[in-house]
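Chemist: Fold the following.
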Amino acid sequence: MTARGAAAVILAGWVLLGSGCGDRGEAPAQRPPLPPPSPAGGFSDVALQAGITARHILATPELRNIVDGVGAGAAFADLDGDGWLDLVVLGGPRSPEPSVMPGHPAGIRVYRNRGDGGFDDVTARTGIPQERGGVAVAVADADGDGKRDLYIVDRGPNRLYRNQGGFRFQDVTRKAGVGDARFGIGAAFFDMDADGDLDLFAANYLDYTPSDHAYYAPDAYPGPGVYNPEPPVLYRNRGAGTFEDVSRESGVTAALGRAMSLASFDADDDGRSDVFVANDVTEKFLWMNDGQGRFRDMAGLAKVAYGEQGERTSAMAADVGDVDGDLQPDIVVSDNAYGTLYRRVRPGLFEDAARRSGLAVLLAPHVTWGANLIDYDNDGDLDLFAVQADLHHLNGWEPLLLKNEGRLRFADAAAEGGAPFSARRVGRSSIVGDYDNDGDTDILFTVLGDRPVLLRNDVSAANSWITLDLAGRRARDPFGAKVTLEAGGRRYAAESRCRSTYLGQSDPRLHFGLGAGVDTVDRIRVAWPDGSVSELKGVRARQILSIRQ
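Modeler: Got it, this is the predicted structure:
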């Protein structure tokens, strides 16, 4: 039930583009047909049939150091403005080991969404050098020209590639001034000063130097605590495609941690974008924005620095969403222990509900890497997808599909997810997005030493939905805009943000599952970052609705 066709309506100064997902006007190339949905529903791995041939290649047949164990990320983003999610798949960081594996390094692959369930590999035309690697990726309109740019985070200088259109990119790192050379692990674009353009927070991991392995077991390598943490970098957007490093004066270097992922959102409901950082064997940070260019770590007072038992864990992915339906943003964090679910009880204050929600028991058996909040069945409650794998070895486990049963309780839904949830893989980064525009959210996760897995969502289409694609005046993505929605007797809330996760980035569009029998969204309210407000009433459900400020 792919949404097609487009209609434009002018309403009170706002341009509304209903499901802007028209035909592409190109004859698709011949390739093996996509498998039909399983009669039992669930998810289907369609990566190869969809044309995704990228493969992560390790330097050695087994893991020998913490650098290679990090993995590689991916991103869903519409890079050509046609309404379909394209895909970027990274090859991983530069390995400290001499390579003995053919094809290493794997490089960066860019795939164009064809609109028929498949992708075309357009890497050759992008101009992105393939001899260089990439750890993580952030995607946003960095220069305000309406096209989404790529920021590649790496072990070695990060790079900013300006989108010139037609899947051609120009390296503007030097001009932009964003080429931090430390061991990067993630990045997020956000509007720190509410001036309409996007600033950039780049998180770093640790200062890797070869260590004496004599004190470690023969089948292991030193963990993160052996290495010094690296400070993050905060870049303020000065306009005209240039940035200024304001890390020190902003205060974000006042506390050092070994970052693994980050999430920008308004944690205290003051209208300013804050930054949550999940750290490896270090307490978590919550950098609160004072609106004057300064940030202060308030994780301790906000009760998001530690786990429920007061422990420091090896945190991995962080994602944000309204898990319990109280219209406030909550934070879920994966780690090597029980995971954390920081439920916001009031602006700026959270409580860990991992044990009470059942997540602790479900996540505890293995190390959890990628984790994403996703309403996979469109019932209106945010569920959780996660991938699990060993820290030091190429041992994988089955991914997890955890259903939100309401009242802050999760249950194992692997049986509903289907065959992919019984296959063991050494997963790392995971991203989510409706890549085929059929109204349900799909999943992609990367695998150490193997191809990525694309899980097409074939769960029953009985429940209704709506997806909102917001576009700002100055930047394509108005990160910081807040949406409230009323439909079927329920209220929903979400914030437009750079949906960064462990090494990757998910679909920036706002997807709402609406449950059964909902044909109309009664009211949509968009509070834009500049303070202006848009309100829509009586909107048809089951569509991708573009709202342009």
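
Chemist: Leu234: what secondary structure?
Modeler: The assignment at Leu234 comes out as strand when based on DSSP: H, G, I helix; E, B strand; the rest coil.

Chemist: Can you give me the separation between it and Gly251?
Modeler: For Leu234, the distance to Gly251 under the criterion C-beta to C-beta, to the nearest Å works out to 9 Å. Using the backbone N, CA and C atoms, a C-beta is placed for each residue, glycine as well.

Chemist: Between the two, point out the one with more neighbours.
Modeler: Between Leu234 and Gly251, counting by other C-beta atoms under 10 Å, Leu234 is the more crowded of the two (25 against 18).

Chemist: So what pairs up with that one in the strands?
Modeler: Following DSSP bridges, Leu234 is listed with bridge partners Phe201.

Chemist: residue contacts, it?
Modeler: Leu234 sits next to 192, 199-202, 245-247, 250, 252, 295 when contact means C-beta atoms under 8 Å, 6 or more residues apart in numbering.

Chemist: among the residues you listed, which are in strands?
Modeler: Taking DSSP state E as the definition of strands, the contacts of Leu234 contribute 199-202, 245, 295.

Chemist: and of these, the nearest to Val135?
Modeler: Set against Val135, the nearest of the ones in strands among the contacts of Leu234 by C-beta to C-beta is Ala202 (11.1 Å).

Chemist: That closest one: how many residues sit nearby?
Modeler: The criterion is other C-beta under 10 Å. On that basis, Ala202 has 25 neighbouring residues.

Chemist: ok, back up a step: most neighbours, which of the ones in strands among the contacts of Leu234?
Modeler: Ranked by neighbour count under the definition other C-beta under 10 Å, these are headed by Phe201 with 28 neighbours.

Chemist: For Tyr306, which non-adjacent residue is closest in space?
Modeler: Of all residues not flanking Tyr306 in the chain, Glu283 sits nearest, at 5.9 Å (C-beta to C-beta, 6 or more residues apart in numbering).

Chemist: thought that neighbour was touching Ala299?
Modeler: Yes. The pair Glu283 and Ala299 passes the contact test of C-beta atoms under 8 Å, sitting 6.6 Å apart.

Chemist: ranges for the strands of the stretch 51-200 of the chain?
Modeler: In the stretch 51-200 of the chain, the strands defined using DSSP state E, counting those that start in this stretch lie at 74-77, 86-89, 109-113, 119-121, 136-140, 149-153, 159-163, 169-171, 184-190, 199-204.

Chemist: what's the angle from the last one to strand 184-190?
Modeler: Direction vectors for strand 199-204 and strand 184-190, defined by axes from the mean of the first three to the mean of the last three C-alpha atoms, to 10 degrees, enclose an angle of 160 degrees.

Chemist: Please list the residues outside strand 199-204 that contact it.
Modeler: Among residues not part of strand 199-204, those counted as contacts by C-beta under 8 Å, 6+ apart are 138, 142, 151, 153, 158, 178, 180, 182-193, 229-237, 243, 252, 259-262, 264, 275, 277.

Chemist: Would you point out which residue is most central in this protein?
Modeler: Most central residue of the chain, judged by C-alpha distance to the mean C-alpha position with C-alpha atoms, centre = their mean, is Gln505 at 2.9 Å.

Chemist: Identify the residues contacting that residue.
Modeler: Counting by C-beta under 8 Å, 6+ apart, Gln505 touches 73, 75-77, 137-139, 431, 498-499.

Chemist: Show me what it is bridged to.
Modeler: As assigned using DSSP bridges, the partners bridged with Gln505 are Ala75, Ser500.

Chemist: Surely Ser95 and Ile66 touch.
Modeler: No. Proximity of Ser95 to Ile66 does not meet the contact threshold set by C-beta under 8 Å, at 11.1 Å.

Chemist: So between these two, which is more surrounded?
Modeler: With neighbours defined as other C-beta under 10 Å, Ser95 and Ile66 compare such that Ile66 has more, 23 against 20.

Chemist: Give me the buried entries from the contacts of strand 199-204.
Modeler: For the contacts of strand 199-204, a neighbour count by 16 or more other C-beta atoms under 10 Å gives the buried set as 138, 142, 151, 153, 158, 178, 180, 182-193, 229-237, 243, 252, 259-262, 264, 275, 277.

Chemist: residue ranges with poor pLDDT in this protein?
Modeler: Judged by pLDDT under 70, the chain has its weakly predicted residues at 1-31, 211-219.

Chemist: Recalculate using a threshold of 50.
Modeler: Scanning the chain for pLDDT under 50 picks out 1-28, 214.

Chemist: All the helices of it, in order from the start?
Modeler: According to DSSP state H, the chain carries its helices in the segments 66-70, 123-126, 173-176, 247-250, 299-302, 354-357, 359-363, 414-417.

Chemist: list the contacts for the residue lying closest to Tyr338 once chain neighbours are set aside?
Modeler: On the basis of C-beta to C-beta, 6+ apart, the spatially nearest residue to Tyr338 that is not a chain neighbour turns out to be Ala360, at 3.9 Å. By C-beta under 8 Å, 6+ apart, the contact list for Ala360 reads 308, 338-339, 354.

Chemist: so how far is Pro529 from Leu206?
Modeler: With distances taken as C-beta to C-beta, Leu206 is found 34 Å from Pro529.

Chemist: whoops, I mixed them up, Leu48
Modeler: Using C-beta to C-beta, Leu48 is found at 41 Å from Pro529.

Chemist: Could you do Asn163 as well?
Modeler: Between Asn163 and Pro529 the computed distance is 22 Å (C-beta to C-beta).

Chemist: Could you do Val432 as well?
Modeler: Applying C-beta to C-beta, one obtains 24 Å for the distance of Val432 from Pro529.

Chemist: try Leu341
Modeler: Taken as C-beta to C-beta, the spacing of Leu341 relative to Pro529 amounts to 27 Å.

Chemist: again, but for Asp86
Modeler: Remark: distance between Asp86 and Pro529 (C-beta to C-beta) = 25 Å.
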